Every structure is written in C-alpha cells, then in structure tokens.
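Engineer: Let me see the structure of the following:
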Amino acid sequence: MSTPTVRETGLVIDGVALFSDDAQQDAAARVPPKTILLLKYGKTAYTKGDDRGEYEFTEPDADKILSDFATRDRDIVIDYEHETLAGGKAPAAGWIEAIAKTADGLVGQVRYWTKQARSYLENGEYRYFSPVLNMSKRRPLALHSVALTNHPATHGLPALVANDAADSPETDPVPQETVDMSHLTAIAEAVGVPLALADGKPDEAATLAAVQAKVAEMKGAAAAVADFLKLHDSPDLGAVTGKIKGMVPQAELTALTDRLALIDAEKAVAAAFTARKLTEAQREWAMGYAKANPTGFAAFVEKAPVSAPAPAAEIHLADTPSDSLALTDEALGRQFDATPSLAAEGFSKASYVAFKKADAAGQVKIHKTAKE
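Structural biologist: Alright, predicted model coming up:
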C-alpha cells in the first residue's frame, strides 16, 4: 500500500493542468504557460492507492511560502517526476522566478521552459505538474520544487502528481521537516541566546528552553533591581546613582572607619590601664588586639588580674556635643583648613564636616590618652 500524499516532513501536492488537453486541439496551440496556479485556497481531496484524505491551503500558508522564497532569493526548479527529491541527476524542465498571491491562491511566474520540456508539453507527453512543499505539523512552510508528472491523485481537478513509486517513503527521500523558527530566532537574538543546533540543524525545543531560561533569569534580575530600589526608597537607578554621588567616597569612608576603630582601641586600652589590667610592656599588643577584635579584648580585660600599681592613662573626651553643634559648615571647614594633617591623611573637607556633625550628635566618641 502506498502512503498518503500528506506527510509530516514533506508533501507532494497535486496541481492544475498546464493547459487544456482537448483531443481536438492542434499540437501547435499547446503553448507552455508563463504562469501556473501552484496551489488553490481551500480544501482539496486526494486518493493515493487505498488511502484517501484532504489538505487545506490558506492565505497565511501562502504568506509563509512567500517569506521563505524571499529569504532564499533563488529560482525554484521545475523537474521531471520529482527527481530532485531522489538526490540523483535531476535535469530542469524549467524555472519559476517569482510567486505571488491572487484571489484563487498561489501563482508561479515561469522564467523559461527548457527545449526538452517544451517539446514534451507541446506533444502532450506531459500534461500535469505537482508542487512539493516542506511542512511542519501538517502546515505548509516553503515551496521546495515543482515537477512535471502524469499521475493525478486530486479529486475534481485534472490534477498533476508524481507516480505512486516516486511518492513512496521507501524510494522517495523527501526533504526533512522545515521548522518555521523565524519568530523564535528573533526572540532568541533579542535576549542574547544563540540558536541551538542538533546535528547541525536548528533545534526548536532546545532553543525554546534556552530562551525560557534566559527570560526567567531576566525576571529574577528585574525583581532584584526592584528590591534594591525599594531598599533605597528610589524610583529608578538614576536616583540611586545621585544619592551615591552625594556620599563620602569609599576610600575616605574606609580611612574614616579605620580611624574610628583606632580611637575605640585607644579608649579601650586606656580604660584597661586605668583598671590596672595592663602593663606598659603590653601596650602595643593591646592596641593591635583591641582594634582587630574589640569584643575579644573586652573579654580579656574583664578576666585579667590587676597587674599595675597605678593608672597609666586617663580618658579625656575631646569636643562636647554642645561645642560641635554650635559650629556651622563654614566654621567646620575653616577648622579643617587649619589642620593640614587631616588633608595629608586623605580626608576631604566634606567627610570631616560629616564626621564632626556625627560626633556632635553623639554618634561618635573621641578621646585623647593622657601623656605619661
């Protein structure tokens, strides 16, 4: 039993007669046509051996075929008995240089017929033609070729189709399925995903999976940005950038943090000397420990025995909050300018003003160790 005309990967579709086959027509009047109605809109029934079925051709199907034809930018071959599908020698009978939609269906414009084909047609040796379509999920995607043939299968038309043997899967290696991936390819390019391949051919499933993964990643990034903006109470990243530009530079912030840690360490060590928990020989070690690990040093001092006969240092706070609060930005700026060592250590005037105001608000405690 031969297979049905419609197949998932390729389709040989019956076409209309090239010209009238009136037995009384003079051979000289059988002029090979310049245009051919390749496919008619609507449903068409067919019979192949014991199998019956039908296919449908619509205007959207025609649009896909036109798009593929424009992309390939080459003429479509008219061969004999679908020999192009067999992969061997397949001499052309003619060439279709353009295709277009009409009210009836898809029409092909013939560039020319070969001398042999013209002879066959004028003598009535070939009367019919058969287009070959590449299909995906039983919908036409592209016009592969057209063949002259004498074996009709379509009902109600002087149909043109290759013989049963040529349409058999055992002897007819039809084109592999052409998957319309134009939209998916465009989306993949837009999100930066390369087209997936399998055995050197586009892999629709793998490409779709990669696109979906990329979209999920982009959604996650968008959610993270939204959370970041919410955290900084900003409508967009531009507003956050403005806030960051108004902050103290990272290098100055690091230096200021280090300075504050040193002050806290000096205060803790001075308190330890006051409590007679340290000796002078331990001063350098105690400073390093108190700066690196304030909690650990505090625990050490708490458990350390009294080891010195008298306090070695006293704690003196620098400016009182009231003094600092009375200073304006301008006054603090003059104070910074009058202290060259601060600028030499890498502090800016803005960071110094911010530091002094924080100190005045009770957020920073500054001390001076007593001289021995």
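
Engineer: packing partners for whichever strand in the chain runs longest?
Structural biologist: Scanning the chain for the longest strand, with DSSP state E as the assignment, gives strand 139-149. In terms of contacts (3 or more C-beta pairs under 8 Å, 6 or more residues apart in numbering; DSSP states H and E), strand 139-149 is packed against strand 10-12, strand 35-40, helix 59-72, strand 76-80, helix 83-86, helix 115-122, strand 128-136. All C-beta atoms are positioned from the backbone trio N, CA, C, and that covers glycine.

Engineer: Would you mind getting the angle between it and strand 35-40?
Structural biologist: 130 degrees (axes from the mean of the first three to the mean of the last three C-alpha atoms, to 10 degrees).

Engineer: Strand 139-149 pairs with which strands?
Structural biologist: strand 76-80 (parallel), strand 128-136 (antiparallel) (DSSP bridges).

Engineer: Dump these into TSV; add mean pLDDT and mean neighbour count as well.
Structural biologist: Listed next are those as TSV, based on pLDDT from 0 to 100; neighbours: other C-beta atoms under 10 Å:
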stretch	mean pLDDT	mean neighbour count
strand 76-80	92	21
strand 128-136	79	24
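
Engineer: Distance to residue 37 for those - can I get that in TSV?
Structural biologist: Output for these, formatted as TSV (distance: least, C-beta to C-beta, whole Å):
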stretch	distance to residue 37
strand 76-80	14
strand 128-136	10
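
Engineer: Which of those strands sits closest to residue 86?
Structural biologist: Ranking the strands paired with strand 139-149 by proximity to residue 86 (C-beta to C-beta) places strand 76-80 first, at 9.6 Å.

Engineer: Only the C-alpha atoms, please, for that closest one, written as PDB.
Structural biologist: Extracted in PDB, the C-alpha atoms of strand 76-80 (Å, rounded to 0.1, in the frame of the first residue of the first chain):
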ATOM      1  CA  ILE A  76      12.500  27.300  -7.900                       C
ATOM      2  CA  VAL A  77      13.300  24.300 -10.100                       C
ATOM      3  CA  ILE A  78      10.600  22.500 -12.200                       C
ATOM      4  CA  ASP A  79      11.900  19.000 -12.700                       C
ATOM      5  CA  TYR A  80      10.600  15.600 -14.000                       C
END
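
Engineer: for the strands paired with strand 139-149, which one sits closest to residue 289?
Structural biologist: Among the strands paired with strand 139-149, the nearest to residue 289 by C-beta to C-beta is strand 128-136 (74.2 Å).

Engineer: what about stretch 34-51, average pLDDT?
Structural biologist: For stretch 34-51, the mean pLDDT works out to 78.

Engineer: now swap in stretch 353-367 and tell me
Structural biologist: Per-residue scores along stretch 353-367 average to 67.

Engineer: ok so, going back, between the helices and strands packed on strand 139-149, which one is nearest to residue 357?
Structural biologist: Closest to residue 357 of the helices and strands packed on strand 139-149, according to C-beta to C-beta: helix 59-72, at 68.3 Å.

Engineer: For the closest one, name the packing helices and strands.
Structural biologist: Packed next to helix 59-72, using 3+ C-beta pairs under 8 Å, 6+ apart, are strand 94-101, strand 105-113, strand 139-149.

Engineer: at 10 Å instead, please
Structural biologist: Other helices and strands packing on helix 59-72, by 3 or more C-beta pairs under 10 Å, 6 or more residues apart in numbering; DSSP states H and E, are strand 35-40, strand 94-101, strand 105-113, strand 128-136, strand 139-149, helix 182-190.

Engineer: mean confidence for that helix?
Structural biologist: 89.

Engineer: mind checking pLDDT for residue 218?
Structural biologist: 90.

Engineer: who's in contact with it?
Structural biologist: Contacts were defined as C-beta atoms under 10 Å, 6 or more residues apart in numbering; by that measure residue 218 touches 191-192.

Engineer: would it count as being in a helix?
Structural biologist: Yes - Residue 218: assigned to a helix according to DSSP: H, G, I helix; E, B strand; the rest coil.

Engineer: could you measure it against residue 190, distance?
Structural biologist: 11 Å (C-beta to C-beta, to the nearest Å).

Engineer: Likewise for residue 276?
Structural biologist: 74 Å.

Engineer: So these two - more neighbours on which side?
Structural biologist: Comparing residue 276 with residue 190 by other C-beta atoms under 10 Å, the one with more neighbours is residue 276, at 16 against 10.

Engineer: Tell me the secondary structure at the more buried one.
Structural biologist: Under three-state DSSP, residue 276 falls in the coil class.
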